[in-house]
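Visitor: Output the structure for:
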Amino acid sequence: MPGGRLTQRERQQIALGLADGLAYAEIARRLERPTSTVTREVMRNGGPTGYRADLAQRATERRAHRRRQTPPGGQRAPREHGRDDEAVREYEETFTTLLMHQGLPKMAARVLACLFVADAGSLTASELVGRLQVSPASVSKSIALLEQQGLIRRQRDEGRRERYLVDDDVWYQSTIDGARGMTRIAETARQGVSVLGHGTPAAVRLENMARFSDFISESILRAAEQARAVLHTKPPEPGPENS
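Guide: Predicted coordinates:
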């Protein structure tokens with residue numbers, strides 16, 4: 001398989017493949033590229049319905065230009081915790097792609113990924129605007145969506161500024177909310193059983209959906225509680241008898 005970055009011609013072929021309704025795997029096969037390469041390319045550049053080869057090419061060129069730039073004097077600024085800045089950016093894009101695959105819009109996915117890779121786990125709206133190089137309105141809209149889904153929460157710092165944060169409790173609560181959503185699916189499916197008549201093909205299908213949703217919901221709730229108890233409980237402070 002060819003290596004290196006995608007060419008402009010390959011991006012045009014991806015756009016044509018998407019327009020023809022081809023799956024990522026088929027487009028990748030025709031390009032002799034890994035499916036993950038095509039998937040990441042599409043998701044980081046507008047998704048299957050918004051992908052444009054010319055815009056994707058320009059975005060890649062801009063990223064390459066930023067990588068070539070160095071501060072005045074030819075010296076790079078000190079790296080936080082000794083990290084490779086480019087590797088961090090690449091990882092953030094990978095994380096963003098994953099979140100988009102889970103159903104988040106691109107901007108909301110970028111905001112959430114940015115919060116997760118921040119050491120503090122929290123940023124102000126202005127800090128998000130600066131890091132992502134987007135408009136305040138874009139950040140505000142994404143924050144509202146993420147809050148609605150329980151994926152972030154807000155708090156005020158000492159300067160009375162609002163900060164948006166992710167932590168273990170936020171992720172736990174989001175998982176719990178997802179499990180409860182499965183429970184609601186089961187309840188609604190069982191309502192249909194009585195309406196359509198027990199034993200009919202449609203009712204049997206809905207009853208199977210309800211049983212499946214119940215099982216998944218119960219498993220998620222049980223696993224989330226167990227994980228929280230094991231992973232998020234601080235070990236006791238060593239006492240005199242343990243010192």
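
Visitor: from the chain's centre, how far out does the longest helix along the chain sit?
Guide: Secondary structure assigned by DSSP state H gives helix 201-231 as the longest helix of the chain. Put simply, helix 201-231 sits 23 Å off its chain's centre (C-alpha atoms, centre = their mean, to the nearest Å).

Visitor: Please pull out the lowest mean pLDDT helix or strand from the protein.
Guide: helix 53-68 (a mean of 76; mean pLDDT, DSSP states H and E).

Visitor: Give me the next element, helix or strand, following that one.
Guide: helix 85-101 (DSSP states H and E).

Visitor: what's next to the helix or strand that that following helix is followed by, contact-wise?
Guide: Per DSSP H and E, the first helix or strand lying C-terminal to helix 85-101 is helix 106-117. Under the contact criterion C-beta atoms under 8 Å, 6 or more residues apart in numbering, helix 106-117 has outside partners 43-44, 46-47, 88, 91-92, 95-97, 99-100, 104, 121-123, 128, 131-132, 134, 138-139, 141-143, 145-146, 151-152, 164-166. In this view, the C-beta of every residue, glycine as well, is placed from N, C-alpha and C.

Visitor: host element of residue 163?
Guide: Short version, using DSSP H and E: residue 163 is in strand 162-165.

Visitor: neighbouring strands for that strand, and are they parallel or not?
Guide: Taking DSSP bridges as the criterion, strand 162-165 pairs within the sheet with strand 122-124 (antiparallel), strand 153-156 (antiparallel).

Visitor: Most tightly packed of the ones you listed?
Guide: Mean neighbour count (mean count of other C-beta atoms under 10 Å) peaks for strand 122-124 among the strands paired with strand 162-165, with a mean of 19.

Visitor: Give me the average confidence score over it.
Guide: Here strand 122-124 scores 92 as its mean pLDDT.
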